[in-house]
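J.: starting from these lines, generate the structure:
(one chain, ligands or ions: 2)
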Amino acid sequence: MTFVVGEDCINCKHTDCVEVCPVDCFYEGPNFLVIHPDECIDCALCEPECPVDAIFSEDELPEDQHVFLELNAELAEQWPCITEMKEPLPDAEEWAGKPNKLEHLKR
Ligand code: SF4
Ligand code: F3S
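T.: Ligands and ions are numbered 1, 2, ... in the order given. As a prediction, the model looks like this:
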């Protein structure tokens, strides 16, 4: 089991989540964060921290976001670890809650 960052993070990237992770398993891309599934210990601390509710337990991931399970695993191997909160992306408010953001994911 792991927690998964879903599409609501794309173009928002608030980063509140990284501050609470006891095992530092968040990885940062240009406009999205991912969780390394082999490092996550399922503590659930990050889930309520996200202002846009982008984080899900693997077994509660919405059906239409299952692709993010694989994306988190793949991108966590490529991106650098992030452990400290930073400013959200400048247009975070504008992008909050928008559907179909996957096409905007930058790698
Ligand atoms: Fe880190 Fe816990 Fe969130 Fe997993 S569930 S990413 S260990 S804070
Ligand atoms: Fe993304 Fe939410 Fe963390 S927007 S960076 S998952 S706090």
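
J.: near ligand 1, which residues of this structure?
T.: For the chain, the residues in contact with ligand 1 (C-beta under 6 Å from any ligand atom) are 3, 20-21, 23, 25, 35, 40-46. All C-beta spots, glycine's among them, are computed from the backbone N, C-alpha and C.

J.: 8 Å instead, please
T.: 2-3, 17, 20-26, 35, 39-47, 55, 57 (C-beta under 8 Å from any ligand atom).

J.: which among those count as buried?
T.: By neighbour count, with 16 or more other C-beta atoms under 10 Å, these hold 2-3, 17, 21, 25-26, 35, 40, 46-47, 55 as buried.

J.: from those residues, pick the one nearest L89.
T.: Nearest to L89 among those: C17, at 14.2 Å, using C-beta to C-beta.

J.: the closest one touches E49, doesn't it?
T.: Yes. The criterion here is C-beta atoms under 8 Å, and C17 meets it with E49 at 5.1 Å.

J.: overlap of the contact sets of the two?
T.: Common contacts of C17 and E49, defined by C-beta atoms under 8 Å, 6 or more residues apart in numbering, comprise I55.
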